[in-house]
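In: Need coordinates for the below:
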Amino acid sequence: MLWIIPLREELGDDDFRPRLFEKYLHAMYFGRAYYWVPTKPCRLLPVHYSCSCRYIEPTSFYDEDGEEKSFGGYYLPYKTIKKPNSIGYIDVATELKSVERPLFRNKKWDEEIPACRIMMDTKEKWWSDKEKEEMILAMENTPYQHGDFDSEEWYDSYDDFC
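Out: Below is the predicted model:
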């Protein structure tokens, strides 16, 4: 089985919010989703959803006791906004292979992707295995701590970082 996400125009490089079914397919295909546009009829765009951050502008204010407080001046990762990370288009006829996908259970939402046979690209993983560690390092120097960044709360429900 090969699930393809049709687009009217190219995905581009801008941050975007993958829909729930896109996240599901991303997990099912070991950290990649496949996009198709009408202008490239026999080609697919494999995309990994990489982490994306926003800059929190520095600001200062005075609290009710007259003490100056500072906030911002650091990067904060988005929870659901992702950066599309692709290696370019692949040929449907020559660059796909059959793969057994074992059962994958998501711990956060207690959902699972059943074991199945899928068609996926023959390319090696093109994204860094250290995405999560890089985001943790970026967060370590921030004064803002919303929960534990290393916890599942910071990652989409279907991310398995494969």
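
In: Quick check: closest non-adjacent residue to the residue nearest to the spatial centre of the chain.
Out: Centroid-nearest residue in the chain, with CA atoms, centre = their mean: residue 49, separated by 2.8 Å. Closest residue to residue 49 apart from its sequence neighbours, by CB to CB, 6 or more residues apart in numbering: residue 82 at 3.8 Å. Glycine gets a C-beta too; all of them are placed from N, C-alpha and C.

In: so where do the strands sit in the chain?
Out: 5-6, 33-36, 43-56, 59-62, 68-71, 74-86, 90-91, 96-101, 104-106, 111-113, 116-121 (DSSP state E).

In: In terms of secondary structure, what does the fifth one contact?
Out: What that stands for is strand 68-71. strand 59-62 (3 or more CB pairs under 8 Å, 6 or more residues apart in numbering; DSSP states H and E).

In: Also the third one?
Out: The elements that strand 43-56 packs onto, with contact taken as 3+ CB pairs under 8 Å, 6+ apart, are helix 20-28, strand 33-36, strand 74-86, strand 90-91, helix 131-140.

In: do the same with the second one
Out: Strand 33-36 makes packing contacts with strand 5-6, helix 20-28, strand 43-56 when contacts are defined by 3+ CB pairs under 8 Å, 6+ apart.

In: export the ones you listed to JSON lines and tack on mean pLDDT and distance to residue 35?
Out: Formatted as JSON lines, the helices and strands packed on strand 33-36 follow (pLDDT from 0 to 100; distance: least, CB to CB, whole Å):
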{"stretch": "strand 5-6", "mean pLDDT": "96", "distance to residue 35": "5"}
{"stretch": "helix 20-28", "mean pLDDT": "92", "distance to residue 35": "9"}
{"stretch": "strand 43-56", "mean pLDDT": "92", "distance to residue 35": "4"}
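
In: For residue 114, which of those is the nearest?
Out: helix 20-28 (9.2 Å; CB to CB).

In: By mean pLDDT, flag the weakest helix or strand of the chain.
Out: The helix or strand of the chain with the poorest confidence is helix 131-140; it has a mean of 68 (mean pLDDT, DSSP states H and E).

In: Buried residues of stretch 4-15, list them for me.
Out: residue 5 (16 or more other CB atoms under 10 Å).
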